[in-house]
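Student: Below is the structure, and that's it, no one-letter string:
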């Protein structure tokens with residue numbers, strides 16, 4: 001039997017006759033099904049997911065391909081993984097904390113109304129419940145409500161804003177100078193003048209792969225130093241994470257998907273930015289800067305603004321400053337947008353975990369109570385707290 005036939009699991013859904021779902025173990029096989037006109041976020045681009053599945057091999061791929069039963073026409077691809085966490089057999093997006101947004105990849109004929117979306121969701125859940133090696137819980141986190149202007153069918157399973165995180169989007173028209181005027185309180189033109197007084201100071205969009213990899217080395221070192229000073233753990237330079245980000249650069253720099261930019265002064269890398277681009281949209285992934293001696297020119301903010309200006313010339317109009325609510329994002333004019341989390345039990349063993357996740361979502365509606373509970377939990381010795 002051929003390799004792909006061994007890796008392919010076909011799960012027709014009898015209970016939802018109009019839709020069938022195939023569960024595939026090979027990302028390359030799934031990726032060949034929807035190309036070109038498919039709707040996806042930047043984090044479901046083939047370059048991103050291909051690098052992810054090739055890097056994190058401890059997670060077993062479980063990619064759902066949803067199609068019409070009668071015509072065989074593909075409707076959507078849901079890039080999932082299967083793993084066991086604390087004894088729970090879990091299906092979740094290919095993420096592990098690296099993707100800002102998780103979503104299906106939609107064909108132009110994907111469900112466009114809530115009723116059809118719910119039918120697709122029922123088919124997906126039926127296929128996951130029938131999986132021979134069994135699942136206990138489906139957990140889908142950080143889902144946007146729409147995907148390039150189209151309804152996200154899976155978000156219909158949850159409550160808008162049920163995720164504790166949100167996106168932060170800056171939309172800029174054709175006049176970049178008007179945008180600069182709107183953020184004048186940040187005094188970035190002054191920061192640029194201060195920075196360029198240093199001999200050899202420059203901003204550059206990195207186009208050479210070897211140069212880009214050197215910038216990533218500097219980024220890792222700068223971020224680790226900063227996190228150590230703050231007393232926070234840092235994992236983005238470990239073997240798996242470092243390999244993943246370098247795969248993104250190697251695979252995506254020439255096509256413009258990976259965007260590496262830097263402030264430099266002579267041989268020194270002063271600040272860095274790494275992002276990914278899809279059409280008119282850019283998503284910021286990571287930034288770093290060299291330390292306190294450059295603080296007078298705010299290099300961390302400056303490298304972001306210079307990157308935005310350079311990409312605006314290339315036609316980018318939407319700049320996603322990533323999840324998390326830091327003050328600098330508001331200063332850049334970012335508008336928050338809600339995300340959705342969903343947990344669904346696929347077996348009796350998954351019910352307690354689903355209920356705990358839903359309780360946490362409800363608790364977030366009462367910030368004062370949530371803060372008080374967090375203070376109480378911090379009093380427990382490590383190892384005795386309830387699992388998150």
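Tutor: Thanks, I have it. Remember, it's a predicted structure, so these values are computed and weren't measured experimentally.
Student: Show me the helices in the stretch 1-150 of the chain, by range?
Tutor: For the stretch 1-150 of the chain, the helices defined by DSSP state H, counting those that start in this stretch cover 3-7, 27-31, 46-55, 114-129.
Student: Wait, residue 331 touches residue 185, no?
Tutor: Yes - Residue 331 lies in contact with residue 185 (C-beta atoms under 8 Å); the separation is 7.1 Å. For the C-beta atoms, the positions are set from N, CA and C on the backbone; glycine is no exception.
Student: Who has more neighbours out of these two?
Tutor: residue 331 (13 against 7; other C-beta atoms under 10 Å).
Student: Report how many residues lie close to the residue nearest to that one when sequence neighbours are not counted.
Tutor: Among residues not flanking residue 331 along the chain, residue 186 sits closest, at 5.4 Å (C-beta to C-beta, 6 or more residues apart in numbering). Neighbour count of residue 186, defined by other C-beta under 10 Å: 18.
Student: Repeat that for the one 3 residues further on.
Tutor: Counted by other C-beta under 10 Å, the residues lying close to residue 189 total 12.
Student: got a list of what it touches?
Tutor: Going by C-beta atoms under 8 Å, 6 or more residues apart in numbering, residue 189 touches residue 180.
Student: Phi first, then psi, for it.
Tutor: phi -60, psi -40 (degrees, to the nearest 10).
Student: Break the protein into its domains for me.
Tutor: By the assignment in automatic domain parsing, the chain contains the domains 3-166+338-377, 173-316.
Student: What's opposite the residue nearest to residue 59 when sequence neighbours are not counted in the beta bridge?
Tutor: Residue nearest to residue 59 in three dimensions, not counting chain neighbours: residue 81, with 4.1 Å by C-beta to C-beta, 6+ apart. Residues in a beta bridge with residue 81, per DSSP bridges, are residue 61, residue 92.
Student: thinking again about what came up before, let me know which of the domains of the chain is the nearest to residue 323.
Tutor: Nearest of those to residue 323, taken as C-beta to C-beta: domain 3-166+338-377 at 4.3 Å.
Student: Comparing the helices of the stretch 1-150 of the chain by mean pLDDT, which bottoms out?
Tutor: Mean pLDDT per stretch puts helix 3-7 lowest among the helices of the stretch 1-150 of the chain, at a mean of 33.
Student: got a list of what the residue sitting furthest away from the middle of the chain touches?
Tutor: The C-alpha centroid of the chain is most remote from residue 199, which lies 37.8 Å away (C-alpha atoms, centre = their mean). Applying C-beta under 8 Å, 6+ apart, we find residue 199 in contact with 265-266.
Student: ditto for residue 227
Tutor: Shown in contact with residue 227 (C-beta under 8 Å, 6+ apart): 233-234.
Student: Looks to me like it is in a helix.
Tutor: Yes - Residue 227 sits within a helix when classified using DSSP: H, G, I helix; E, B strand; the rest coil.
Student: Show the pLDDT at it.
Tutor: According to the prediction, residue 227 has pLDDT 92.
Student: The residue nearest to residue 351 when sequence neighbours are not counted pairs with what?
Tutor: Nearest residue to residue 351, sequence neighbours excluded (C-beta to C-beta, 6+ apart): residue 345, at 4.5 Å. Assessed by DSSP bridges, residue 345 has beta-bridge partners residue 137.
Student: From residue 158, how far out is residue 345?
Tutor: 14 Å (C-beta to C-beta, to the nearest Å).
Student: Neighbour count: those two, which is higher?
Tutor: A direct count of neighbours by other C-beta under 10 Å for residue 345 and residue 158 places residue 158 higher, at 21 against 18.
Student: ok, now which ones touch that one?
Tutor: Residue 158 is in contact with 140, 143, 340-342, counting by C-beta under 8 Å, 6+ apart.
Student: Kindly provide the distance from it to residue 257.
Tutor: Distance from residue 158 to residue 257, by C-beta to C-beta: 29 Å.
Student: pLDDT averaged over stretch 148-155, what's the number?
Tutor: Mean predicted lDDT for stretch 148-155 stands at 95.
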